[in-house]
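**Student:** curious how this folds, go ahead:
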Amino acid sequence: YGMIMFIMQEAMFFVGWFWIFFELGLFHEVRATWNPDILENAADYATSMAPGVTSVDAWHLPLMNTLILLLSGTTITWAHHALMHGDRKGAKWGLFLTIALGVVFTFVQLYEYTELFHYSSEGGHPWIGADAYGSAFFMATGFHGLHVLIGTIFLIVCYLRLIRGGFKPEKHFGFEAAAWYWHFVDVVWLFLFAFVYVVFAMGGAH
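**Tutor:** Okay, the predicted model is just below:
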């Protein structure tokens, strides 16, 4: 129950973020008409979430990271099923591959951030520091990246326990809870990829 409540509160964090993201994306032009005494720099909202504001190519690094996380979802499931059937070798390999994919995801995201900051410093669109989309983008992807890091640490602890003889087919909730969390991280990323990278970047902010 504790793990379920933990994942639920993490889910509500992202629900809250998506709520304001969609509200800004769909109604940014309405906010631009507000009294500036109520909303500071209200007029700037007219273009803060406008189509084309992002320079991120959804079909390059983001798509690569999507495939990495989807693959990691299959490897963690393989590890879980192997453990339930007493195949400790398969469980170790599945868990090791999941950890490796989590690390690769983190490095790809850091590389993406590096490219974005270079793009901005070389005179590209200054959405990184000037627009609501930029704030939303880095908050969402950054916090998701933090969750991937936390999930990777969970899995590393499970791997160390597994190679030291821990976990049995009938008793392995620590492993199962970490798998739940990892699947949760996967699902959140799918929503981020679909809406932050694809829909709004292709003009869905109208």
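**Student:** moving C-terminal of the helix or strand of the chain with the lowest mean pLDDT, what's the next helix or strand?
**Tutor:** Within the chain, confidence by mean pLDDT, DSSP states H and E is lowest for helix 127-130 among all helices and strands, at a mean of 62. Per DSSP states H and E, the first helix or strand lying C-terminal to helix 127-130 is helix 132-163.
**Student:** how near is the residue nearest the centre of the chain to residue 185?
**Tutor:** By C-alpha atoms, centre = their mean, the chain has its centre lying nearest to residue 144, at 3.5 Å. The spacing between residue 144 and residue 185, counted by C-beta to C-beta, to the nearest Å, is 7 Å. C-beta: built from backbone N, CA, C; applies to glycine.
**Student:** again, but for residue 164
**Tutor:** For residue 164, the distance to residue 185 (C-beta to C-beta) stands at 25 Å.
**Student:** of those two, who's got more company?
**Tutor:** residue 185 (24 against 8; other C-beta atoms under 10 Å).
**Student:** name all residues that make contact with residue 36.
**Tutor:** 42, 43 (C-beta atoms under 8 Å, 6 or more residues apart in numbering).
**Student:** and with 10 Å instead?
**Tutor:** When contacts are counted by C-beta atoms under 10 Å, 6 or more residues apart in numbering, residue 36 touches 42, 43, 44.
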